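Novice: I'll drop the sequence and a predicted model, then ask my questions.
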Amino acid sequence: MAQAAGKSAATPSVGERIDRLGWTAAEQSLSERGYAITAPILSREECESVVALYNDASRFRSHIIMERYRFGIGDYKYFANPLPELVAELRSSAYPHLADVANQWAEAHGEKSLRYPREHTAFLKICHQAGQTKPTPLMLHYEAGGYNCLHQDLYGEVSFPLQMVFMLGQLGRVQAASGARGLRTSDYLHHALSAGKRFTRLLSRQSAARSEPRPRRYALHAGHHLPRRKMR
């Protein structure tokens, strides 16, 4: 028991792992290349735990078939409240770092009045005041040949320019934006940050599960803002 407790205590929390990322280098790469690659964030077990939720309809509020909207080939589901603990922790832990980047970009573009609050709860209050109350984290699913076209999902007046995406165990090739195209994922899982209008991405590498019998892919999009309207 003592050994197990010691091992558990030595495992950093999701927030600690995110805080340890090289955010200065990531921001520079996002600005210069449109994407950045960071150190690992999630374990294989954590990725698998999120994927396991996909067939539990009670965890989601909406199911989108991408072909219907010409977004690509595949589907995705918006999580319902309450969000899974891991998803909520990823979103709230990453937000302060992303808000710093978003504010730097806003200032660089001359948007003096636009400032994102440092805490995610404060930003959510702004969304609520604008009538945007539904959560935007979602999980994407692709079978062989599936893909997601570059597009924007902005459903309200309030939005956040950086969104975090986690590739949850896939085999073969991932089609991503900018210079991330053609990355092989047989050895890694990738985490991406996409910036709203610029579709900038941040990728984080880590060991991937190798037991997937088919080229089936899942991705977690940990959206920070809340939408106003609902897609049907």
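Specialist: Perfect, I can see it now.
Novice: buried sites along the longest helix along the chain?
Specialist: What stands out as the longest helix in the chain, according to DSSP state H, is helix 85-108. For helix 85-108, a neighbour-count test (16 or more other Cβ atoms under 10 Å) marks 86-99, 101-103, 105-106 as buried. The C-beta positions use only the backbone N, C-alpha and C, and glycine is treated the same way.
Novice: any weak-confidence spans in this structure?
Specialist: Applying pLDDT under 70 to the chain picks out residues 1-9, 151-153, 170-215, 224-232.
Novice: Strands along that one, start to end?
Specialist: For the chain, strands defined by DSSP state E occupy the ranges 35-38, 60-65, 72-73, 75-79, 138-142, 147-148, 162-167, 173-174, 183-184, 189-195, 201-206, 217-222.
Novice: For the fifth one, which strands pair with it and how are they oriented?
Specialist: The partner list of strand 138-142 in its sheet, established with DSSP bridges, is strand 75-79 (antiparallel), strand 217-222 (antiparallel).
Novice: Just the C-alpha atoms of the shortest one, please, in CSV.
Specialist: When you say that, I think you mean strand 75-79. Taking Å, rounded to 0.1, in the frame of the first residue of the first chain, the C-alpha atoms of strand 75-79 are listed here in CSV:
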residue,chain,number,x,y,z
ASP,A,75,-18.7,12.7,-36.7
TYR,A,76,-18.3,14.5,-33.4
LYS,A,77,-20.3,14.9,-30.1
TYR,A,78,-20.5,17.8,-27.8
PHE,A,79,-20.1,17.0,-24.1
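Novice: List the contacts of H120.
Specialist: 91-92, 95-96, 224 (Cβ atoms under 8 Å, 6 or more residues apart in numbering).
Novice: Sort out which residues of stretch 21-32 are buried, please.
Specialist: Applying 16+ other Cβ under 10 Å to stretch 21-32 flags 21, 23, 26-27, 29-31 as buried.
Novice: likewise stretch 138-155?
Specialist: 138-142, 146, 148, 153, 155.
Novice: out of the strands paired with strand 138-142, nearest to V50?
Specialist: In terms of Cβ to Cβ, the element of the strands paired with strand 138-142 nearest to V50 is strand 217-222, at 5.6 Å.
Novice: V51 reaches A219, doesn't it?
Specialist: No - contact between V51 and A219 fails when scored by Cβ atoms under 8 Å: they sit 9.7 Å apart.
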